[in-house]
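Q: sequence unknown, structure follows:
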C-alpha cells in the first residue's frame, strides 16, 4: 500500500466517518414528560401562532393604486345675499378633476366685481386711523388686505381706515352664512373607481368586482351591512360614518378620509381579496386650532372696456381623500424557512431545560449526573494508555 | 485552604469547566455520505437560493418620489359642429399642472352660452309630460337636469317635457363625436421628470440619468429597445404598449398607468439602479360597466350687461397616472444574521436525520445502537459507586 | 402480563424515556474561557445590536397620510412691461387647492388678448421664408407655433416668416424678466396640516401637536432650532434650508420637497412620535438639462361681440411637494422570536468552536480527544456482547 493511497484513505475517513454523540437513556416519566411537553409547546407556537395567526410564512408586498372619482348631484340656492342659483358638478367640484382627492363646495363667501384699485381697509386695531400720518406709504402688512397708499379715508360714516391698493371691494369673510349654502350636497353621490396592483405578485384588481353589472351599478348605494361592494357612496353617509354631522362639517369645511383597505391573502387556499371601506375625519375637529377647510380662488373676467375684474370665492367645503392601503401576503419559501429555522432553535433549547430539570429536581439526580457526566480523569487515562495499544490504529 | 477560597474555586470551576458531549466515531461510508450530503444541501440552499436568488441578506426600503410632467404638441380641429380651432397645451391639459397625473383632452361635448334660466327638460321616460299636473314644483330628481318649475312646455314640435330651472340650454351628451376630436393628440409627447429617494439609504436619483445631455434630450424618444433611458414619451406609443389603440381610448377616455419601477440593488458590487418603464391600462376596458374616463368643467364669462354665462365642457380624455414604485435592497447585518441563523438551525437537524438513518437502515444498526446509546443501569451504578472513591474528587 | 399491555408499556417508554447526551467535563481554564467568551459575544450582539440599535424585535408599518396646505401673503408688482398689479393667494396659487403639493407663481411671461387667427411665425431657422413656396400648407411642426397656412408674410420690416393659424399674437417666451416678478413671494408663509395613520397599530396623529394652541399658531414660524414643532413655514426659509437662494430658484422655477419624517417607536417605554421636517431640492439644479419648473395655463374671456380670447401665462414658480414618509415600529412577538431564534442558532455554534480549539490548540489535546471521542470498536463490542446479559433488559 503506497503512502499516497494511505493518505487518501485517511482523508476519506476524515470526510465520511460519522461522529455522533453518545447518549444515555433515562427511563424517568417526569423528565420524559417535561421533555415532550416543552417540545409540544414550541411546535404549537409555531403552527398556531406563527403560521395560522400571523401568517409569517408569507412574503408581503405593498399596494400601488389608481383612483378616479365622479360626483353626481345638483343643488339650488336661494338666499337673501345672492341671486337664486343652480349648481351642478362643474360649479361645485374644484378643481374639476382630481385623482385620489376631490373637493365638494358646501359654503362660500363670494366677493364679486373686484378690480385692482384703492379702497379703505377693513376696520381693525392696526388699520383704523385718525389722519394720514397713521398710515405708511407702501406698508405691506401680512395681516392687512393690501399695500397702504398712505391716505386715511372714510370706511363708514363713523370709522376711518388707511387706504390700500388691492382687489377692491375687499372680502369680508366674517359674514359666513350660518347654514351651509349647499346644504343639499349631503345627497350628492360619488362613484369611486379604484384599480390596484401588487407588483411583486403581478396581481391586479378593481373595486368594481366582477359580479357587479351595469344595472346594479345604476341603482346601488354603499352600505356597510347591505351593500358592502357597491362603489357608489352618498356624501351624507360617508360623513355620518365618521361620527360627524354633515351640516356641521359643511358649514366650515373639513377633510374626510375614504379609506380603502386592500389587505389580501393571495394564497390559493385563501383566495379572498376584496376592498374594505372605512371613513375617518382627518382634520382636527376640535375647533380651537385652525379649524375646518377652506381655500380661495377667483374667476377672472374682462369688462367690456377691457379691464380685469374677478369674482373672489372663499370656498368652504369637504375634501374627500381616498386613501388606499394594504399589504398582500403570499406563501414564500424564504420567510417560511426563516420562521421554521428560528423555531427549531427553540427546540434545541428543550434538552437544556430538561437536563437542568433532571439534574436538580429529580430524586435520583446524583445517579443521573454520575452516568451522564464524566469528569476528565488523568488517572483513568494513564490506565487507559497502558491498554491503548490493544485497540489497534486509531 | 480557607472555606471562602475553596468556594470561589468551586465557582470558577463551575463557570469555566468546559462540558462537551462524548462522541462516537462510526467508520461507515453510507452514513457519512448521507451526513455530508444533507449538510451540503442545506449550505447550497443558503448560498444559492437565499443569498443569490432572494438576496435575503439585504435590508429593504420603499421609494419616495416626486414627479413633474410636461406635454408638448398642438392640434387643429375643423369639424362641422364647431368653428375651426387651434389647440395648444394650455387648452387641452386640465388642470394645467399636475403632479404624478396629467389629463389630455381628446374628445368633448361643448355646450356654449349656458345661463341660469328655465328650459324644457331633455325628453325621457320620467320627464315627458302631458300637462302641468305631471310636473312637480321644486322636484330635484338626480337623474334629471335641474329643479322642476311645475310647468309642462314644448321641447320640440312633437314632445312636451317639464320645465326646469338650470344652466340652459341643457347639455346633450349623447351627441359624442364618433371620431375623437383631438385625434392628433397621439403625436403629443410628454417629458417626465422623476426624482426618487430611498431615505433609509440616503440615496437620491433622477430618471434623467447622468449620461443624458441636453442635445440628446431634445431629439430622443422613449423606445423599450433602442432608447430605454429617454424620459420623453409619445402618447401613441404609451397607449399602444398597453395593447390598446390610441383612437379607441381617445374616443371615450381612459386611465393609463405609466409605471416606473425603481427596484434597485444598492450593494456596491451590484451598483445598478435605473428606472424601468412599463405601461398598463388602469380602468376597466370591458365597456359594459362605467366605461371610459370623463369629467365636466366650465369656463365662466360675463356678458356685457354683467350676467353670468358659461361654456360647459364634458371632457373625455386620457388620464396618465405616473405610478412610481420600487424597493431598494442593501446588505444589512441583521437580515444576514437572521437568515444565516435560520439556516444553521437546519444544519442542527442534519445529525437527527443521520442518526435515524444509522439506527434503522444500516446492517450493523444493533452494534451502533449499543455503542451509542447507554441505558441507565442501576446495577452498574451500584458497582460504579464502590469504585467511585478511586476517581478522586468529583 | 398480557402482550398488549407490554406493547403499550414499550410505547410509553419510547415516548417518555429521556435520551440525553453523555458529556465530559474538562477542567481546563483556557477552553472554558473561550467557551464563555464566545457565548458572551453572541449574547452581546443580540442584546446590544439587534435589540437596542436595530430594534429588530419590532413589527413595522408604513405611514398613510393626508396633507392640506394654506399659503398666506400678497405682493405688489410694478414693472415697465405690465400695469401695476396686486397679487393675492387666489392669483398666485395654481391650482387653487392641492393636496400634498402646491405651486407658488414667482415669474411669468404673459401674452394677453390672444385670439384664434393668423399671424407670422416667430423667426427661426425653420420658419423664415423668402416666398410662399418655402411654407407648406397644413404643416404641423412640433417645434413651431401653429398650423402653416402656406403664406410667407412680414414678421418685421426685415424678416419674413411663414404665416400660421394659431392663438395670436404668439407668445415670446425668451423675454423672461431677469428678476423674478413676484420676488416678494419669499415672505409668504404656508401652514401645513398633516394627519397620519399607522393602520396596523391603529395609531393616528397630526402635525399640530396637542400642546400647540391657537395663539401660538398665530405668531409662530418654523425654525429647526427654536420652533421645530411649528407647522408654519416661510417660503424663503424652506428654500434656504435646501442650500439654494430663493431669488435664484424663483427666476426659472423649481421643485422643492418638504419632507416630513414620521419614523416612530410606538413602544410605550419609548413613546415619542413627532414629525421631523427637512427640505430638499427635487429637480435638477444643474441648469444644463431641462432646468427649472414651468407650465402654461390660460384665462379665457369673451369679447363683447362674443369672440373667444385668452390670456396665456407661462408660469414659472416653485412647486412645493410635501413628502410624508415613515415607519413605525412596535414590539411584536414574531420578529422577537425570529431574531432570538436566529441568535440561539449561533449559540449552538459555540461548542463547535470550543471543541475545535480544545482538540487542536491545547497541550493535552490527545488526552481530551481520547476521553471525548470513542471509535467504534468491533473487538470491544464482542467483549461487550459477552458481558451484555449482565446489564439487565435492554
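A: Yep, it's here. This is a predicted model, so every value here is computed, not measured.

Q: how far does stretch A:82-92 stretch from one end to the other?
A: Criterion C-alpha to C-alpha, to the nearest Å; first-to-last residue distance in stretch A:82-92 is 16 Å.

Q: pull out the buried residues from it.
A: Residues of stretch A:82-92 classed as buried: A:85, A:86, A:87, A:88, A:89, A:90, A:91, A:92 (neighbour count, 16 or more other C-beta atoms under 10 Å in any protein chain shown). In short, each C-beta sits where N, CA and C put it, glycine included.

Q: could you do stretch A:6-26 as well?
A: Quick answer for stretch A:6-26 (16+ other C-beta under 10 Å): A:16, A:17, A:18, A:20, A:21, A:22, A:23, A:24, A:25, A:26.

Q: same check on stretch A:45-56?
A: A:46, A:50, A:51, A:54, A:55, A:56.

Q: show the pLDDT at the residue lying closest to residue A:97 once chain neighbours are set aside.
A: In this structure, residue A:97 finds its nearest non-sequential neighbour in residue B:295, 4.6 Å apart by C-beta to C-beta, 6 or more residues apart in numbering or on different chains. Predicted confidence (pLDDT) for residue B:295: 92.

Q: what's downstream of the helix or strand where residue B:295 lies, the next helix or strand?
A: In the assignment (DSSP states H and E), residue B:295 maps to strand B:294-302. Counting by DSSP H and E, the next helix or strand C-terminal to strand B:294-302 is strand B:308-325.

Q: what helix or strand does whichever residue of the stretch 201-350 of chain A sits closest to chain B sit in?
A: Nearest residue of the stretch 201-350 of chain A to chain B, counting by C-beta to the nearest C-beta: residue A:341, 2.8 Å away. In the assignment (DSSP H and E), residue A:341 maps to helix A:333-347.

Q: wait, does that helix contact chain C?
A: Yes: using C-beta under 8 Å from any C-beta of the partner chain, helix A:333-347 reaches chain C at A:338, A:339, A:341, A:342, A:343, A:344, A:345, A:346.

Q: briefly note if the next helix or strand after that helix comes near chain B.
A: Per DSSP H and E, the first helix or strand lying C-terminal to helix A:333-347 is helix A:350-361. No: judged by C-beta under 8 Å from any C-beta, helix A:350-361 stays clear of chain B, getting no closer than 10.2 Å.

Q: filter the buried residues of stretch A:82-92 down to the ones near chain C?
A: Subset of the buried residues of stretch A:82-92 in contact with chain C: empty, counting by C-beta under 8 Å from any C-beta.

Q: which ones among those map onto helices?
A: When those are checked against helices (DSSP state H), the matches are A:89, A:90, A:91, A:92.

Q: present those residues as CSV; the columns should include distance to chain B.
A: Listed next are those as CSV, based on distance: C-beta to the nearest C-beta, whole Å:
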residue, distance to chain B
A:89, 5
A:90, 4
A:91, 7
A:92, 11
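
Q: what residues does residue A:62 make contact with?
A: Neighbouring residues of residue A:62 by C-beta atoms under 8 Å, 6 or more residues apart in numbering or on different chains: A:198, A:326, A:327, B:62, B:325, C:62.

Q: looking at these, spot the one nearest residue B:371.
A: residue A:327 (54.2 Å; C-beta to C-beta).

Q: okay, and the beta partners of that closest one?
A: When bridges are called by DSSP bridges, residue A:327 pairs up with residue A:62.

Q: and the angle from whatever helix or strand residue A:37 lives in to helix A:333-347?
A: Under the criterion of DSSP H and E, residue A:37 resides in helix A:29-44. For helix A:29-44 against helix A:333-347, the angle by axes from the mean of the first three to the mean of the last three C-alpha atoms, to 10 degrees is 160 degrees.

Q: between helix A:29-44 and helix A:350-361, how big is the angle?
A: Interaxial angle, helix A:29-44 versus helix A:350-361 (the same axes, to 10 degrees): 150 degrees.

Q: list the buried residues in helix A:29-44.
A: For helix A:29-44, burial by neighbour count (16+ other C-beta under 10 Å) applies to A:31, A:32, A:34, A:35, A:38, A:42.

Q: what packs against that helix?
A: Counting contacts by 3 or more C-beta pairs under 8 Å, 6 or more residues apart in numbering or on different chains; DSSP states H and E, helix A:29-44 packs against helix A:333-347, helix A:350-361, helix C:3-16, strand C:18-21.

Q: does stretch A:160-176 come close to chain B?
A: No: if you take C-beta under 8 Å from any C-beta as the test, stretch A:160-176 misses chain B, and the best it gets is 15.5 Å.

Q: quick one: contacts for residue A:247?
A: A:179, A:180, A:183, A:186.

Q: poorly predicted segments of chain A, please.
A: For chain A, the stretches flagged by pLDDT under 70 are A:1-2, A:270-271, A:286-290, A:377-394.

Q: what domains does the record give for it?
A: A:11-56+A:332-393, A:62-110+A:180-289+A:321-330 (automatic domain parsing).

Q: elements contacting the helix holding residue A:341?
A: Secondary-structure packing of helix A:333-347 (3+ C-beta pairs under 8 Å, 6+ apart): helix A:29-44, strand A:58-62, helix B:333-347, helix C:333-347.

Q: who's in contact with it?
A: Counting by C-beta under 8 Å, 6+ apart, A:39, A:42-43, A:45-46, A:50-51, A:56-59, B:45, B:49-50, B:54, B:56, B:338-339, B:341-346, B:348-349, C:334, C:337-342, C:344-345, C:348 sit against helix A:333-347.
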